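J.: turn this into a model:
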Amino acid sequence: MGVTGIVIQNIIRKLLTGQDYRSEILTLIDAEFLQYVVDFFKQIVKAKLNKESVTADWYTEEFLSSNSLSNSEVFVYSGTDTTTVLNSKQIVLDTILKYHDVLSDASNSLGNNLDIASTIKFRGVSFNLNLNESLILSNTLAFKRSILQDKFWGEIEKQVEKPLMIALCALFQVPKRYFDQKNLPESERESDFYLFDGTGKDYPCEVKLMGKGNPESADAVYARDSRVLVANTLSDLNKQQMDENGIFWVELKNADDYKRFEHVLNALSIPCKPFTGDIQDVLDKILPVILSDEVQDSVTPEVVLREREQDEDSGSQLLVDFE
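T.: Model prediction:
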């Protein structure tokens, strides 16, 4: 399951109107995780059915040692962090099996004092799992959930950052040439977005969506020598430090917070107009121009943006003229 343009549009709407956008991401995580749980338990049932006699090592044989599994699958089934081992198949397997033995010993020691079992039932066929097996499967599912969370949060931030900035520019009627991201020098591609003044001077911008007063938001600005930070949440200390260092910031936390972006544009001598209309109505016009509704297979921001033909004078034109 991928991230669709519709989801990105919904997130931008919520960011610009002071709403909690996290529900959009959690819905994607939940949907993919629940499908994984169903498929995983189907594999458990299949593995049990294929065994004439089920031994204590059935999970190791079917889900850890099988030659048909990739390294990434083995990592998930074992609940092991992929960053802790090398990529060699044998090294991976040796490390995984040692970890699995430790986990089994720990769950077995709990079993001396607990008598807990779970049951999987599929199409009328039931299988009992002892405490050891239940804990191992729970560990696998918890690890898979963690992987999905990292995947979607990171993927969505990458796909939202550029469309969000373009939506802000369009909202305040900034001519396209002042935020055109084409033909940037390779040395300038580290930042999330660039604004330009009338002389062509560039102003690197950072977009940070995660974290409650996250200090990493400010750290990224200093590391990349950025002049503008747009974030959903900033601490008072973040704001104070950026003010002291001449860095402009926009916190998208409340309904009208996006209006601070006009102040940033004026301070950078970038042409713009105040926005006083209905933001939802205007976003109805802006977002379809920036994003298609199709599923995006890439997290590269350029892929998310719909290409538009430009004539020689297009740089002075508005992306969307909604007046």
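J.: and the helix or strand hosting residue 60, which residues are buried?
T.: Using DSSP states H and E, residue 60 sits within helix 58-63. Residues of helix 58-63 classed as buried: 58, 59, 60, 62, 63 (neighbour count, 16 or more other Cβ atoms under 10 Å). Using the backbone N, CA and C atoms, a C-beta is placed for each residue, glycine as well.
J.: thought residue 266 was touching residue 272?
T.: Yes - assessed by Cβ atoms under 8 Å, residue 266 is found in contact with residue 272 at 7.0 Å.
J.: which one's more surrounded, these two?
T.: Higher neighbour count among residue 266 and residue 272: residue 272, with 20 against 13, using other Cβ atoms under 10 Å.
J.: would that one count as being in a helix?
T.: No - under DSSP: H, G, I helix; E, B strand; the rest coil, residue 272 falls outside any helix and is assigned coil.
J.: where does it land on pLDDT?
T.: pLDDT recorded at residue 272 is 96.
J.: next structured bit after the helix or strand in which residue 220 is found?
T.: If you go by DSSP H and E, residue 220 is part of helix 215-223. Next helix or strand after helix 215-223 toward the C-terminus (DSSP H and E): strand 228-231.
J.: check the closest residue to residue 228 other than its chain neighbours and give its pLDDT.
T.: Closest residue in space to residue 228, ignoring its immediate chain neighbours: residue 205 at 4.1 Å, by Cβ to Cβ, 6 or more residues apart in numbering. Reading off the confidence values, residue 205 has pLDDT 93.
J.: need the three-state assignment for residue 205.
T.: Each residue gets one of three states, and residue 205 gets strand by three-state DSSP.
J.: what's the burial count for it?
T.: 25.
J.: so what's it up against?
T.: The contact partners of residue 205, taken as Cβ atoms under 8 Å, 6 or more residues apart in numbering, are 165, 191, 192, 193, 194, 195, 226, 227, 228, 229, 230.
J.: what pairs with the last one across the strands?
T.: Here residue 230 sits in beta bridges with residue 207, residue 250, as judged by DSSP bridges.
J.: centre of the chain to stretch 264-278, how far?
T.: Here stretch 264-278 is found 29 Å from its chain centre; the criterion is Cα atoms, centre = their mean, to the nearest Å.
J.: ok, residues contacting that stretch?
T.: 171-175, 178, 195-198, 203, 227-228, 248, 250, 259, 262, 282, 322.
J.: narrow these to those that are buried.
T.: 171-175, 178, 195-196, 203, 227-228, 248, 250, 262, 282, 322.
J.: direction included, what does whatever helix or strand residue 119 lives in pair up with?
T.: According to DSSP H and E, residue 119 maps onto strand 118-122. Strand 118-122 pairs in its sheet with strand 125-129 (antiparallel), by DSSP bridges.
J.: now do residue 315, the pLDDT please.
T.: For residue 315, pLDDT reads 54.
J.: mind checking which of the contacts of stretch 264-278 land in strands?
T.: Among those, DSSP state E puts 195, 196, 203, 228, 248, 250 in strands.
J.: pretty sure the third one is touching residue 194, no?
T.: Yes - proximity of residue 203 to residue 194 meets the contact threshold set by Cβ under 8 Å, at 6.6 Å.
J.: state the number of residues packed around the residue nearest to residue 254 when sequence neighbours are not counted.
T.: Spatially, and ignoring its direct neighbours in sequence, residue 254 is nearest to residue 18 (4.4 Å; Cβ to Cβ, 6+ apart). A count of neighbours around residue 18, defined by other Cβ under 10 Å, yields 14.
J.: ok, residue 18 - contacts?
T.: By Cβ under 8 Å, 6+ apart, the contact list for residue 18 reads 252, 253, 254, 255, 256, 257.
J.: now do residue 41
T.: Counting by Cβ under 8 Å, 6+ apart, residue 41 touches 120, 122.
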